[in-house]
Structure formats: structure tokens, C-alpha cells
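K.L.:
Sequence first, then the predicted structure, then my questions.
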Amino acid sequence: MKITDRLLDLLGDWKIPLPIPGCVFEDFGFATDDYGFTGPLRENSDLPAILILSTSMTSGWGLGEWVFRTRIADFQNMRRPIPNFAYLTAGMKVEINQVSISGWCAVMRRNSLTMKALRDVIFNGLHLGPNYKFAQIYLRIGTNDVKGLCTFKYYDVRFPTFEAFYKEYEQFMGNLVKAFACNVFALVAAPPSASPLLERPTSVALDADQNGLPLVPLRCLDNVDLVEEEDRERAGRIYLNEIYRRLAGIDGVMNVVDAERNLGWIALPTPIDGLRAYSSGRGKLTDFGHITPSGYLIFAKYHCISMWRGIRMLPGYEKVVGRICSGQYPRRLDDGTVAVGVAPDNLHGHSGSFGPVSDCVGPLVPTGNIDLAKLRKFDFDECFLTDAATSNARSQSKIEVGDIVRIRNVKGTRIVVSRTPTGFWTVGFGGQLYVESSDVVLASETVCLMGDE
């Protein structure tokens, strides 16, 4: 897990979970402000350098060797181990860099960074030399800005409407192109939650502009919000959908910033419909824009699909081939070692929503528009993290994630890591095992299951 004496000293009283067979492999192979990369400053290799730049949306996983996680404010809780899905990018033949900045705003004054400050964060965090150059930047930004639009305390008077905000949002991407002298790909902000909240007696009808978008700032009196948090989160969900709608409307189109060098920003938004179910935003702005861990792999896969499309724009990379699939992530084995990840273009299996999926080879990423129905067919809720297995649900009425169970014809006990419409995925000795609901009971129940005497 790349644990050193120095890291153990920094972790202090933090507990490091023991590996559980079948769970995704997580490690500390990333840098933070107080635990950075060492050695000589890095210079460009023979491969094009790619940067994935985002808010905390991508801080829960990595896609390559060089990952830096930080926060605008306190960075202490950035030290938890995370899964690295670098097996998804191995065939890209580029050098992957990734920077996640929790709390960062692109255009709202609160928690924003000047281009110089942003460059310093990136170069210092990734341990880069002053002449290091990126060939492309993949940008996911806007979630924290939308939070600011929904909260009067942090509202920016420069943006009296969503239109004014979005114009500055586009300008930020143009400024990023100028500052780093490379093309920037806009991947959109966070995926909003699945459905609007039910109207309550205290819900307010939000004032809207001619396009039906809530007016900002939301209602307030004497610097006090008159709109309850659930309604502000509802407005934020509308803004996120609108950002996606506008970027999807110009998918693949170059917004030229420097015509002489053919540089600009291009919208390659990752689909949001397949991720709505994994959004943790359910009425509270504190959870707004976060993804539940079970959706990490799908989210990372979507990034890779956009990256495959963008990389084809590099000189000599026009015919590179990518797959619309998450492959099989690295997982812990019974003896504590790790089974390496299997790339999407190699035969592999999945932990599907209705049981195991075998002999999969993902379809090719198309050169033009993507069939979203085909894309979602390969969305599998299969990111089984140790945190889920150790959540200790101990439900009294029904079996939940984290419960210890006994299974018919299987000796010993196992841990539930995912519920499905027909059964459960469990982990334990022997790795992952799918079982039908009728064959499972809580280990605390005194029920004799055939084969487990």
C-alpha cells in the first residue's frame, strides 16, 4: 500500500483497514501538501503529458501514477487510501497527471485561484520542473461555483443571473487555454441527483428568468436566506443540468482561443444520466456534487471515454482505439496480494446488477456521437470498497451493505457490499460472490442453512 514510516507518523491515530478479499485495491500512492513526491523535479518524457484537473469530484480515485490531492482549506482528510484505476489508461500511450482541488471555485471569488496560483498548485503538487508542458487538460469544474450561487453568504454580485455566471464560466476555460498553451476539454460539473425532491408545504416557488432558470441571488432579507436548504439544493440541481445541456449542445466543437496555434477549449461532457443514481446530493448543500463510492469506477470510466476522444486530436494519435467499458479493477486476494486490473480490451468479467457478467470485451469508443443507451449497458455497480464492507450496518429489519451474513451451502460468514434487485454481492474468502436473496440471512440469526453446519 506504499506505506512508509513517514506516512505512518502523519497518519497518527488513523486506522488503516486490513485488506478484505474481493474488495478493490486501495493505496497511498498519491501526493498531498504534506506528503509529496520526492526526487528531482519532473521533466517531460517522450509521451504527451495529459492533465486531469478537477474539484473534489475526482479525489476519490486515481487514473495514473502522478496523482495530487489537495484542498483550498484544511487538507488533513485527503490522506485516506484510494483505488487507482490506471489499468484503464495504460493503452493511451500518454503520461497521465491528475490534480484534485477540494473546495475550488473557477469563477466565484470565494475559494478561487488566480491562474498563477493555480499553476503553482499544479506544478508544486506534481513535482514538475518549470519547463514542463501539458499537451491537453481535461477539466471538471463548476460544482462549488454553483454552491456559491445558491448561498447568499457567498454570493458574487458580478453574477446577477445564471447567464452572467455561464459567460464567465466559458471565459475561465479560455483563460486556462492561454495560461497553459494547450487545448482544454470541458467535462462538465457534477452529475445532479436522480429526481427533484417532493414539494413540501414550506417549499417556495423560485423566481425564474425568461429561460426558466432560478434568479440569483436566491431570496434573502438582511443577509439572511429566505430559501430553505432543500430549495437551494433544488436550484443548484437545475444549474448543473443547464451547464450540462449547454456543453452537450456543442459537443466536440472547438471554441477557438488562439487561431494562430489552433488552440481552444472543446466540450466533451461525460454523460450524467448514468451517474444520477450515485449522486449523494439529496437536499443538503454539504453533500451537493459528491459521488457515492460505489459509482467511482463508472465515473472514472466516463473520464476515460472523453479522454480517448480527446487524445485522438493529438498528432499521430488519430487512430488510437479505446473501449466503452470499465474492465476489471484490481482487487485483494485471500493471501493479501493483489490481482492486477484487466483492461477493457481483454476478456474479463463484471459484478453485474443481476449477477456475474462473464467474457466481456467492451465496444469501441466511436469517433462521432456516443450512443448513451449502449454506454449505460456497460455501467456496472462493481466498485466494492473496504469502507462499505466495514460499515457495520447491523440492520434489524433487512440486510444492508456492511452486514455480516451466512449463505446457503457456503461455509463461514461473508460481508455484504452491494444490494441488487434480486440479491446481494458479498466479499470474503474466495473473493466476490453473488447470492440470491432467498439464500442469505444475517449471521446473528439462528437459522440453519444447508451446507453451513
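P.N.:
Looks like it arrived, so ask away.

K.L.:
quick one: contacts for Phe185?
P.N.:
With contacts defined as CB atoms under 8 Å, 6 or more residues apart in numbering, Phe185 is in contact with Gln136, Ile137, Tyr138, Leu139, Trp265, Ile266, Ala267, Leu268, Ser306, Met307, Gly310. Using the backbone N, CA and C atoms, a C-beta is placed for each residue, glycine as well.

K.L.:
so where do the strands sit in the stretch 101-250 of the chain?
P.N.:
Under the criterion DSSP state E, counting those that start in this stretch, strands of the stretch 101-250 of the chain are mapped to 136-140, 183-186, 220-221, 224-225.

K.L.:
Identify the residues contacting the longest one?
P.N.:
Think strand 136-140. For strand 136-140, the external contacting residues (CB under 8 Å, 6+ apart) are 48, 50-55, 57-58, 173, 176, 180, 182-189, 265, 268, 303, 306-307, 310-311, 313-314.

K.L.:
Relative to Gly64, which of the contacts of Phe185 is nearest.
P.N.:
Minimum separation from Gly64 among the contacts of Phe185 (CB to CB) is found for Met307, which lies at 10.7 Å.

K.L.:
that older thread, for Asp251, find the nearest of the strands of the stretch 101-250 of the chain.
P.N.:
Each of the strands of the stretch 101-250 of the chain was checked against Asp251 via CB to CB, and the shortest separation belongs to strand 183-186, namely 9.9 Å.

K.L.:
Low-confidence regions, the stretch 251-400 of the chain specifically.
P.N.:
Applying pLDDT under 70 to the stretch 251-400 of the chain flags the ranges 281-283, 369-382, 392-397.

K.L.:
hmm, 80 instead?
P.N.:
Residues of the stretch 251-400 of the chain meeting the criterion pLDDT under 80: 274, 277, 280-287, 289, 353-354, 367-382, 387-397.

K.L.:
for it, what spans make up the helices?
P.N.:
If DSSP state H, counting those that start in this stretch is used as the criterion, the helices of the stretch 251-400 of the chain fall at 296-311, 372-377, 386-389.

K.L.:
highest average neighbour count across these?
P.N.:
Between these, the one whose residues have the most neighbours on average, counting mean count of other CB atoms under 10 Å, is helix 296-311 (a mean of 24).

K.L.:
Just want the angle from that one to strand 136-140.
P.N.:
For the pair helix 296-311 and strand 136-140, the angle between their directions (axes from the mean of the first three to the mean of the last three CA atoms, to 10 degrees) equals 140 degrees.

K.L.:
The strands of the stretch 101-250 of the chain into a markdown table, with extra columns for mean pLDDT?
P.N.:
Conversion of the strands of the stretch 101-250 of the chain to a markdown table gives the following (pLDDT from 0 to 100):
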| stretch | mean pLDDT |
| --- | --- |
| strand 136-140 | 97 |
| strand 183-186 | 98 |
| strand 220-221 | 73 |
| strand 224-225 | 73 |
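
K.L.:
who touches Trp66 in this structure?
P.N.:
Residues Phe37, Arg42, Glu95, Ile96, Asn97, Gln98, Leu126 are the ones in contact with Trp66 under the rule CB under 8 Å, 6+ apart.

K.L.:
7 Å instead, please
P.N.:
Ile96, Asn97, Gln98, Leu126 (CB atoms under 7 Å, 6 or more residues apart in numbering).

K.L.:
what does Met92 give?
P.N.:
Contact partners of Met92, counting by CB under 7 Å, 6+ apart, are Met307, Ile311.

K.L.:
One more: Ala389?
P.N.:
Ile20, Cys23, Gly402, Ile415, Val417, Val427.

K.L.:
between these, which has the most around it?
P.N.:
When neighbours are counted by other CB atoms under 10 Å, Val417 leads the contacts of Ala389 with 30 neighbours.

K.L.:
Just to be sure, it is in a strand?
P.N.:
Yes: residue state for Val417 (DSSP: H, G, I helix; E, B strand; the rest coil) corresponds to a strand.

K.L.:
ok, and the closest non-adjacent residue to it?
P.N.:
Using CB to CB, 6 or more residues apart in numbering and skipping residues adjacent in sequence, the residue nearest Val417 is Phe384, 4.2 Å away.

K.L.:
Please report how far that neighbour lies from Ala135.
P.N.:
35 Å (CB to CB, to the nearest Å).

K.L.:
and if you look at Ala86?
P.N.:
Taken as CB to CB, the span from Ala86 to Ala135 is 18 Å.

K.L.:
and Phe384 and Ala135? which has more neighbours close in?
P.N.:
For Phe384 versus Ala135, the count of surrounding residues by other CB under 10 Å is larger for Phe384: 28 against 21.

K.L.:
List the residues that contact that one.
P.N.:
Taking CB under 7 Å, 6+ apart, we find Phe384 in contact with Gly22, Cys23, Val24, Val417, Ser418, Trp425, Val427, Gln432.

K.L.:
Just name the closest of the residues you listed to Pro356, please.
P.N.:
Lowest distance from Pro356 to the contacts of Phe384 (CB to CB) belongs to Gln432, with 8.4 Å.

K.L.:
burial of that closest one, as a residue count?
P.N.:
Number of residues near Gln432 (other CB under 10 Å) recorded here: 20.

K.L.:
Contacts only, for the residue nearest to the spatial centre of the chain.
P.N.:
Nearest to the mean C-alpha position of the chain, counting by CA atoms, centre = their mean, stands Thr58 at 4.1 Å. The neighbours of Thr58, taking CB under 7 Å, 6+ apart as the test, are Ile52, Gln98, Ser100, Arg140.

K.L.:
rerun at 8 Å
P.N.:
The contact partners of Thr58, taken as CB under 8 Å, 6+ apart, are Ile52, Gln98, Ser100, Arg140, Phe299, Ala300, His303.

K.L.:
I'd like the distance between the last one and Phe134.
P.N.:
For His303, the distance to Phe134 equals 16 Å [CB to CB].

K.L.:
again with Met115
P.N.:
When distance is defined by CB to CB, Met115 is 14 Å away from Phe134.

K.L.:
same deal with Cys23?
P.N.:
Cys23 is 34 Å from Phe134, where distance means CB to CB.

K.L.:
what's the answer for Glu170, then?
P.N.:
When CB to CB is applied, the distance between Glu170 and Phe134 equals 20 Å.

K.L.:
Could you do Asp34 as well?
P.N.:
Relative to Phe134, Asp34 is positioned 25 Å away (criterion: CB to CB).

K.L.:
For those two, indicate the residue with more neighbours.
P.N.:
Neighbours were counted for Asp34 and for Phe134 using other CB under 10 Å; Phe134 has more, 20 against 12.

K.L.:
Let me see the domain layout of this protein.
P.N.:
Under the assignment automatic domain parsing, the domains of the chain span 5-311, 393-442.
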